[in-house]
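In: Sharing a sequence plus its predicted fold:
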Number of protein chains: 2
Amino acid sequence: MIRHVVMFRWHDHVDRAAVAALDAALDRLPTVIGEIVSYVHGPDLELSDTTFDYVLVADFETVDDFHTYRDHPEHQAFIAEHIVDTAAERVAVQYQV
Amino acid sequence: MIRHVVMFRWHDHVDRAAVAALDAALDRLPTVIGEIVSYVHGPDLELSDTTFDYVLVADFETVDDFHTYRDHPEHQAFIAEHIVDTAAERVAVQYQV
């Protein structure tokens, strides 16, 4: 299984409503992208000052499935609508589980 | 459950032997820090140019257990020996699972 982990740090202008809308849009993606096996996402718990603001953990059976997801029009539309003007920083790792 | 996710980007001087030593040191930590419920770590799969180099995912029953781990002398010794001169960047998130 390929696990894809992404962390975001939001711009200062990003409010709770924007994160709630993004959250709802993420909830929808596994219903329209069949390659997603597991999709967990949510805000940082703010236990530390140095953390990022949000995390997404997605599992895929194969690297091909991960690429299908990455390039999927619904995923790209999500990025355009909810990430481009929202995320000040994005970091990611893919690893084998 | 509290999930703690950390990503590292290594300095250019870091070689496979250094990462192997770090890997082995991480394998040891759950044997000496009882608060660790699950401890998964490994290198990025290099599916993308923009990813970090290494990820660690640790689960704890409570925030207190996470703090005990964070401040544990064995964990601090690990950081001093294997992270301080190795990691160019470190990002982290803690979230509820």
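Out: Received the coordinates, thanks. Numbering: from 1, shown residues only, chains lettered A, B, ... in the order given.

In: and chain A, which residues reach chain B?
Out: A:2, A:5, A:7, A:40, A:42-45, A:47-48, A:50-55, A:57, A:63, A:66-67, A:91-97 (C-beta under 8 Å from any C-beta of the partner chain). C-betas here are computed from N, CA, C, even on glycine.

In: Give the buried subset of those as a PyMOL selection command.
Out: Listed next is the PyMOL selection for buried residues among the residues of chain A next to chain B, using 16 or more other C-beta atoms under 10 Å in any protein chain shown:
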select buried, chain A and resi 2+5+7+42+43+44+45+47+51+52+53+54+55+57+66+91+92+93+94+95
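
In: what about residue A:94, which SS state?
Out: Under DSSP: H, G, I helix; E, B strand; the rest coil, the three-state class of residue A:94 is strand.

In: bridging residues for it?
Out: residue A:4 (DSSP bridges).

In: per-residue pLDDT, it?
Out: Confidence per residue is given as pLDDT, and for residue A:94 that number is 93.

In: how much space between it and residue A:21?
Out: Look at residue A:94 and residue A:21: by C-beta to C-beta, to the nearest Å, they are 26 Å apart.

In: got it, and residue A:93?
Out: Distance, residue A:93 to residue A:21, by C-beta to C-beta: 26 Å.

In: Residue A:45 and residue B:2, how far apart?
Out: 7 Å.

In: joint contacts of these two?
Out: B:63, B:94, B:95, B:96 (C-beta atoms under 8 Å, 6 or more residues apart in numbering or on different chains).

In: pretty sure residue A:37 contacts residue A:57?
Out: No. Taking C-beta atoms under 8 Å as the contact criterion, residue A:37 and residue A:57 are not neighbours in contact, 11.1 Å apart.

In: what sits in contact with each of the two?
Out: By C-beta under 8 Å, 6+ apart, residue A:37 and residue A:57 have no common neighbours.

In: If we go by neighbour counts, what in stretch A:57-70 is buried?
Out: In stretch A:57-70, residues buried by neighbour count (16+ other C-beta under 10 Å) are A:57, A:58, A:59, A:60, A:65, A:66, A:68, A:69, A:70.
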